[in-house]
Each structure stands twice: as structure tokens, then as C-alpha cells.
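Trainee: sequence and predicted model, in that order:
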Amino acid sequence: MGNPELPVRFSLFAAALLAPALANAALEDRLEAAHERLLDNRRDVIPTLSDPYGVPPAASVVIENPRERFRGPDSWHRNVVSTVFWVGEQPSQNNPTPNRASAWDQNWQENFGGYDHPERRKGYFPADFTPALNPFYIALPYNDIGRDGRHRPEAPEVIPWFWEDYRGDGISVCKDRWVAIHHKGRVCYAQWEDVGPFVTDHWQYVFGKEDPRPNRNSSAGIDLSPAVRDFLGLRSGEQVEWRFTHDRDVPRGPWRSWSDAPLAPVR
């Protein structure tokens, strides 16, 4: 006599075998249906897209206009009253700060080689010695180093060559910068070695379009060394034009190799 439970067990076993296959078929059907819905959705959206595949645009050249806020590094500052100052100058009514030190060199007079006497001259030099530093120097009313020994916050933004010449925080990028000075048809070249006259923060004039601030020296905007004075043949208080220039653009002259400079100013 057969076992009446065998058909039931076989049915249960067959159902157990078929269940995964049926589940997989149902899952595949659902995935295929979802995929079709996604494709239909993309087909509907594509006509409205200008770049459906996200292709990057072709490279293009963008020409930017110079910032109107600042002068270019080669622009002339015109009709600027100049005054004469010198290494070792003692304090006076019109020069309240002694020039034994400069804004960037605490031993300026010692490193220069002595007192750059404005009257006792031998050509472009002081009469008593040949200077160890360039006697063609100037001062402008901006110091890029603040009282804390770090660069002023605006310095990276307003100094056109800041990042080109940057050598670390607290090291001036203004010191030794070349400047061209024009007066009555003659052009002299000199290096920026000190700060003045009077103010130390007037970047809007030095790098911008403002005029020098009013001061007791007829609103003077640049200090010139005796060598610059003699080369240009000017007197303190006369007007000049000046601009920054690159080292590569500075021509040969007594400002380049002052040990070979002529003994008498060329007038």
C-alpha cells in the first residue's frame, strides 16, 4: 500500500524549487519595466536639454580689461612736487625722522658707507667716499611692511608685482624697485630705498590715481637723493614725473655701475 503523504511532499518540494525561479522572473520583469520608464523619461527630457551629455565647452580666449582702479606699473605720475633727502640727514622741521636708518634697513648709513652729504659732492657721490650702495635712490610714501613686521593686508592686492617678487612675509617687495624720474627732458633712474615724505600708507597715490596728500612741503610726493638731483639738475621743490620700471628696462648709466660713473654731473 502506497504512502499517501508522498504526493503532498512532492508538491511542496516542487513548489520550493519553482519559487526562486518565479521570484527571479518577477524581479526581472520589474527591473525591465523600471528601465523602460527611465528611458521613456530621458527621451522626453532630451529635446529640452541644450547639452544632454554634459560635453565640456571648447576652450576660449578671454581678454580682460586692465583694472581702472589702479595705474599700470608703467604709468607716469605727473606734476609731482619733489624734495631732496639723503642718507644720514638729521631731523628738521621738514624732515622729522632721522635718516641714519631707512624703513627697510636699520643700518642704512653704515651700509651705505657714510653720510651722503648733499653739498660736499664729487660728481654724483659724496666727496669723502665712494658709496657701497646705489647713490641714486628715492623715497615714496608707502611701506608694504606694517608695524607688526608683516605685510600690510592690502599689499597683495595693490602692489602690481607683489606675487612676482614675494620672498616671504615681512620681506619688502618695494625695496630696491626701480623708478624712472623725468624732469625737463632728462630721465634719471633710481631705486626705492625709503618711505616718505611724511606718510607711510598712501598706496592710493603710489599705485593708484590719487594725488599726494597735503603736507608741509607743498604736498610733495617723492624724495630724491642728491645724485638724482644733480643728474636732473633740479632744486628741491620742483615738479617731476615718475613711474615704476622693470629692472630689464633700466638702461646703462651711473645708477647701474656708480663706481664707473663720471666725476661731474652731465648738465
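Mentor: Happy to help now that I have it.

Trainee: can you tell me the helix or strand for residue 32?
Mentor: Following DSSP states H and E, the helix or strand that holds residue 32 is helix 6-45.

Trainee: residue 241 now?
Mentor: strand 239-244.

Trainee: what average pLDDT does that strand get?
Mentor: Averaged across strand 239-244, pLDDT comes to 98.

Trainee: helices of the stretch 1-150 of the chain, residue ranges please.
Mentor: Ranges of helices in the stretch 1-150 of the chain, per DSSP state H, counting those that start in this stretch, are 6-45, 108-112.

Trainee: lowest average confidence across the ones you listed, which one?
Mentor: In terms of mean pLDDT, the lowest-scoring of those is helix 6-45 (a mean of 64).

Trainee: in the chain, what spans have low per-residue confidence?
Mentor: 1-25, 39, 41-74, 93-96, 258-267 (pLDDT under 70).

Trainee: which residue would you name as the spatial centre of it?
Mentor: Nearest residue to the geometric centre of the chain (Cα atoms, centre = their mean): residue 162, 2.6 Å.

Trainee: and it, backbone torsions?
Mentor: Main-chain torsions, residue 162, degrees, to the nearest 10: phi -50, psi -60.

Trainee: same check on residue 188?
Mentor: For residue 188, the backbone dihedrals (degrees, to the nearest 10) come out as phi -110, psi 150.

Trainee: ok, what's across the strand from it?
Mentor: residue 181 (DSSP bridges).

Trainee: surely residue 135 meets residue 226?
Mentor: Yes. At 7.5 Å, residue 135 counts as touching residue 226 under the criterion of Cβ atoms under 8 Å. For every residue, glycine as well, the C-beta is placed using N, CA and C.

Trainee: what residues are shared contacts of these two?
Mentor: Common contacts of residue 135 and residue 226 (Cβ atoms under 8 Å, 6 or more residues apart in numbering): 116, 124, 126.

Trainee: what subset of those residues is buried?
Mentor: Neighbour counting with 16 or more other Cβ atoms under 10 Å marks 116, 124, 126 as buried within these.

Trainee: contact partners of the strand holding residue 241?
Mentor: In contact with strand 239-244 (Cβ under 8 Å, 6+ apart) are residues 73-82, 138, 160, 177-183, 222, 224, 232, 234.

Trainee: let's see that strand as PDB, backbone CA atoms only.
Mentor: The C-alpha trace of strand 239-244 is given here as PDB (Å, rounded to 0.1, in the frame of the first residue of the first chain):
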ATOM      1  CA  GLN A 239      58.000 119.200 -10.100                       C
ATOM      2  CA  VAL A 240      58.900 115.900 -11.700                       C
ATOM      3  CA  GLU A 241      57.200 113.000 -13.400                       C
ATOM      4  CA  TRP A 242      57.900 109.400 -12.200                       C
ATOM      5  CA  ARG A 243      56.900 105.900 -12.900                       C
ATOM      6  CA  PHE A 244      57.900 102.300 -11.900                       C
END
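
Trainee: and the closest residue to residue 134 other than its chain neighbours, helix, strand or coil?
Mentor: Distance criterion Cβ to Cβ, 6 or more residues apart in numbering; nearest residue to residue 134, sequence neighbours excluded, is residue 191 at 5.4 Å. Assigned by DSSP: H, G, I helix; E, B strand; the rest coil, the conformation of residue 191 is strand.
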